[in-house]
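Novice: 3D model of this:
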Amino acid sequence: MQDNPADGFDAVLAQYGDMVYRLAFAYVRSKADADDIFQEVFFRYFRRAPVLKTEEHRKAWLLRVTINRAKTCLARRVLPHNRPETTDTVPFSAPEMLELHEALKTLAPKYRTVLHLFYYEGYTAEEIGGLLRQKPATVRTQLTRARQKLAALLRDET
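Specialist: Presented below is the predicted three-dimensional model:
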């Protein structure tokens, strides 16, 4: 047991901070909104100090809260034609990574989320289904459609 609870919070932030931020940014496509979501997720974690059985449960809790906060953020936004264009950029070392990032930005949030959880976080369709409260078959369908849409977008750009 730790003498200082802040030490445990620092470890959680160090271990899961990048994951939470990446998912938030993938979902909302705005640095400012992703920053807000990141802060709110960890504020909730630190304030509630949930007792979780395993590190996998902790990771799932953080992902679930991130997804919920991102959905709330998107729901609060004005209609797309009234929303100002964001100029958020992410530096990439390879041009094809920038191309992939730009293509991913055009996908609907539900597709970006399942792709992110599957490829970047390494979750299975069953695990993603649990996180998103969807049937695994729905997740597999979304993954298939997301891959098809992404492939079509990348083909059109070349």
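Novice: switch to C-alpha atoms for all contacts and neighbour counts from now on
Specialist: Will do.
Novice: which ones are touching the most centrally placed residue in the chain?
Specialist: Residue closest to the average C-alpha location in the chain (CA atoms, centre = their mean): residue 23, at 1.8 Å. By CA atoms under 8 Å, 6 or more residues apart in numbering, residue 23 lies in contact with 63, 66, 67, 113, 116, 117.
Novice: Nearest residue to the fifth one in space, please, no chain neighbours.
Specialist: Read it as residue 116. Among residues not flanking residue 116 along the chain, residue 23 sits closest, at 6.9 Å (CA to CA, 6 or more residues apart in numbering).
Novice: Report pLDDT for that neighbour.
Specialist: Looking at residue 23, its pLDDT is 90.
Novice: Repeat that for residue 109.
Specialist: 83.
Novice: Return the distance of it relative to residue 12.
Specialist: Separation of residue 109 from residue 12 (CA to CA, to the nearest Å) stands at 26 Å.
Novice: May I ask which two of the contacts of residue 23 are separated the most?
Specialist: The most widely separated members of the contacts of residue 23, counting by CA to CA, are 66 and 116 (12.7 Å).
Novice: ok, these two, which is more surrounded?
Specialist: residue 66 (24 against 18; other CA atoms under 10 Å).
Novice: what helix or strand is that one on?
Specialist: helix 55-76 (DSSP states H and E).
Novice: Then residue 143?
Specialist: helix 136-157.
Novice: how about that helix: buried residues?
Specialist: 136, 139, 140, 142, 143, 146, 149, 150, 153, 154 (16 or more other CA atoms under 10 Å).
Novice: Which of the residues you listed sits closest to residue 104?
Specialist: residue 150 (6.9 Å).
Novice: Please verify my assumption that the closest one contacts residue 108.
Specialist: No - counting by CA atoms under 8 Å, residue 108 is not a contact partner of residue 150; they are 10.8 Å apart.
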